[in-house]
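S.K.: with the input below, show me the fold.
(chains A and B)
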Amino acid sequence: MLARDETMAPVRTSRVDHALIAKMVARGARVLDVGCGDGALLQLLTETKDVDGRGIEVTRERVNACVARGLSVIQGDADRDLDKYPDKAFDYAILSLTIQATRRPKPVLENLLRIGRHAIVSFPNFGHWWIRSQLLVTGRMPTTANLPEPWYDSPDAHLCTIRDFVDLCGTIDARVEQKVAFNASGKQLGSWQPLFVHNMLGEKAVFLLTRD
Amino acid sequence: MSRESPDVVMEQSLDRPLARSSEIDQPSSEVVRFTDQPLVLDCGQSLSPFQVAYCTYGTLNADRSNAILVCHALTGDQYVASRNPVTGKPGWWEIMIGPGKPIDTDRFFVISANILGGCLGSTGPASLNPATGKPYGLDFPVITIGDMVKAQARLIDHLGIEQLFSVVGGSMGGMQVLEWAARYKHRVFTAIPIATAPWHSAQNIAFHEVGRQAVMADPDWVAGRYVDEGKVPRRGLAVARMAAHITYLSEEALERKFGRSLQNRVAKTFSFSADFQVESYLRHQGSTFVDRFDANSYLYITRAMDYFDLSADNGGKLANAFYGTRTRFCVVSFTSDWLYPTRESREIVQALNAVAANVSFVEIESDKGHDAFLLDEPELFATVRGFLGAAARKRGLPPAAGA
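M.R.: As a prediction, the model looks like this:
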């Protein structure tokens, strides 16, 4: 099995955040993708990194589609179902563009750090300059390609900025091992740049975290 | 659904004595008889000799790694994908099992066995007791789901199979799947428990008790010795089946199929004949069931289901049942199944998560109630096909010939 995977084509995905997560994850790792959606990331990790992957997804149709594709996915949600998992059951617990849609992001993140040796969290950055300027200029809740719904229809109840997320990591004693921001054209911002630049220019962010 | 007049069917069948079927001791299917080593039962008694009747479909591969055991429900049998010799009807899961089907017999070697306690060839209360030369009747020991699985394991040993690629089953079949996964962890590569529960609920025990009381209240049951007396508790068993059948459907399905429609008549008859289609349908279900099933088997098997509690059997914690498992699970439930509701499948999933097992869980939208697992549910087929396909790649099984 490994030999075959080694010969597979390199990471092919249009999602820069997925490609980055695939780089962060070690080969053959045990991975839990919380809010796995259509299973694209799990499939990518399975094919390119030979991970032992599991998913949790709230939408029934998506769960069924994932399982029919051969992925190990259960119907459930991050707020309710993570409590049932034992400590350090996974090498990586991933929350990909999902934390903003949870009811209680802090316990979800704490659970993620408990279940996984590492947690990988990606989220849309509400501190991006375009969002700030929309709010400033129009006086209305901003909408973007990543956050298309109007405020009353949006599943994203807990949007945050990169700075907010860094603060939360501090509050719960999570160690940030890696933090990457992508600009609107999907380009990775230089890691040497200060936090306020990431928070201004980053449209999405990906954090690799641990907690001892 | 039959459109013949079930009123008539019921009356006829009540008068016709049922010949003791030769299928009980000498089934048309394969059968293996175990005479050397007794089967030690959970109740403390031993059963010896005993036999297991079974069917197989497809071909066992050279390294014996492509075998799938299909476990049947309360009134099912080993004829999953071939004609039932008693009813003459096609196999009960032909929609799922066969060449090119989700459980593809071009690829997998499918084994299905009549359960211990059944009445189509495996040892049960209708079988001859070697000590008396008469049917066991109530001398048959009370069995459990675990005992059924132990008997199946003997069959799998007999077939020379160390590890099953999968164990699949719905309802009571799902209980056997869970028991297999808990009891023989290293022998089960994948497990697909469908429309089932980790323990029998109070409501389900209650319904079973109604059925058993109906059987035992029939004077023709004769304290379980009806065969000796040349009788059959037809009315009791038919009522038990009618009550149980309601639990296999849903209110929606009953409304959709029958509503308040009348049966072959334009107006109410102001009598107790089957005015309504739903009455007629249930009577038909009851009377046809009596022709193919042994009343004592019904008592023993429902009892085994009532006793099923994988949590209690494992120190009160369901997760303990699966500790250390490497089996890949695919749990399936149906939205309108109120007999084994989704929340009970979720208990299984949560227990599996608690031991970090590899588990998929799919809830399928259907208005067909518990019976949905036997019916045309494309999402179920896609789930089983996809899950088994991925697991087969993991196990290194080649794709089906010609696929």
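S.K.: C-alpha from now on. contacts and neighbour counts both.
M.R.: Noted.
S.K.: ok, residue 69 - contacts?
M.R.: All of this is about chain A. Residues near residue A:69 by Cα atoms under 8 Å, 6 or more residues apart in numbering or on different chains: B:386-387, B:390.
S.K.: um, chain B though
M.R.: Going by Cα under 8 Å, 6+ apart, residue B:69 touches B:110-112, B:164, B:166-168.
S.K.: for chain A, just list every one of the helices.
M.R.: A:2-6, A:16-24, A:40-49, A:60-68, A:78-81, A:105-115, A:129-138, A:162-171, A:195-201 (DSSP state H).
S.K.: and for chain B?
M.R.: Using DSSP H, helices in chain B cover B:6-15, B:145-158, B:172-183, B:202-217, B:234-248, B:251-257, B:277-290, B:295-307, B:318-321, B:342-354, B:378-395.
S.K.: what angle sits between the third one and helix B:342-354?
M.R.: In terms of direction (axes from the mean of the first three to the mean of the last three Cα atoms, to 10 degrees), helix B:172-183 departs from helix B:342-354 by 20 degrees.
S.K.: which helices and strands does helix B:172-183 pack with?
M.R.: Helices and strands touching helix B:172-183, by 3 or more Cα pairs under 8 Å, 6 or more residues apart in numbering or on different chains; DSSP states H and E, are strand B:67-71, helix B:145-158, strand B:164-170, strand B:188-194.
S.K.: now with 7 Å, please.
M.R.: Counting contacts by 3 or more Cα pairs under 7 Å, 6 or more residues apart in numbering or on different chains; DSSP states H and E, helix B:172-183 is packed against helix B:145-158, strand B:164-170, strand B:188-194.
S.K.: same question, the fourth one
M.R.: Contacts defined by 3+ Cα pairs under 7 Å, 6+ apart place helix B:202-217 against helix B:234-248, helix B:295-307.
S.K.: return the set of buried residues in that helix.
M.R.: For helix B:202-217, a neighbour-count test (16 or more other Cα atoms under 10 Å in any protein chain shown) marks B:204-205, B:207-217 as buried.
S.K.: the residue nearest the centre of chain B and chain A, how far apart?
M.R.: Taking Cα atoms, centre = their mean, the centroid of chain B lies closest to residue B:73, which sits 1.0 Å from it. Separation of residue B:73 from chain A (Cα to the nearest Cα, to the nearest Å): 24 Å.
S.K.: one more: residue B:240?
M.R.: 35 Å.
S.K.: check what pLDDT the nearest residue to that residue once chain neighbours are set aside gets.
M.R.: Using Cα to Cα, 6 or more residues apart in numbering or on different chains and skipping residues adjacent in sequence, the residue nearest residue B:240 is residue B:211, 3.9 Å away. Looking at residue B:211, its pLDDT stands at 98.
S.K.: what number of residues lie near residue B:178?
M.R.: Residue B:178: 29 surrounding residues under other Cα atoms under 10 Å in any protein chain shown.
S.K.: do the same with residue B:133
M.R.: Taking other Cα under 10 Å as the neighbour definition, residue B:133 ends up with a count of 9.
S.K.: poorly predicted segments of the chain, please.
M.R.: Defaulting to chain A. Segments of chain A classed as low confidence (criterion: pLDDT under 70) are A:1-12.
S.K.: the chain in question should be chain B.
M.R.: For chain B (pLDDT under 70), the answer is B:1-20, B:401-403.
S.K.: how does it look with 50?
M.R.: Scanning chain B for pLDDT under 50 picks out the ranges B:1-19.
S.K.: need the residues of it near chain A, please.
M.R.: B:350, B:353-356, B:358-363, B:382-383, B:385-387, B:389-390 (Cα under 7 Å from any Cα of the partner chain).
S.K.: buried ones among those?
M.R.: So, of those, B:350, B:353-356, B:358-363, B:382-383, B:385-387, B:389-390 end up buried under the neighbour-count rule (16+ other Cα under 10 Å).
S.K.: just the closest of the buried residues of helix B:202-217 to residue A:102, please.
M.R.: residue B:204 (36.2 Å; Cα to Cα).
S.K.: from residue A:70, how far out is that closest one?
M.R.: Noted for residue B:204: a distance of 33 Å to residue A:70, by Cα to Cα, to the nearest Å.
S.K.: go on, residue B:381?
M.R.: Going from residue B:381 to residue A:70 by Cα to Cα gives 13 Å.
S.K.: between those two, which one's more packed in?
M.R.: residue A:70 (24 against 18).
S.K.: tell me who's in contact with that one.
M.R.: B:386-387, B:389-390 (Cα atoms under 7 Å, 6 or more residues apart in numbering or on different chains).
S.K.: list the buried ones in stretch B:232-246?
M.R.: Of all the residues in stretch B:232-246, those buried under the rule 16+ other Cα under 10 Å are B:232-244.
S.K.: and which of these is nearest chain A?
M.R.: Nearest to chain A, judged by Cα to the nearest Cα, of the buried residues of stretch B:232-246 is residue B:244 at 29.4 Å.
S.K.: list the contacts for the closest one?
M.R.: For residue B:244, the contacting residues are residue B:207, by Cα under 7 Å, 6+ apart.
S.K.: and for residue 112, the neighbour number?
M.R.: You didn't say which chain, so I picked chain A. The burial count assigned to residue A:112 is 31, neighbours taken as other Cα under 10 Å.
S.K.: meant chain B, my bad for not saying
M.R.: Residue B:112 sits with 23 neighbouring residues when counted by other Cα under 10 Å.
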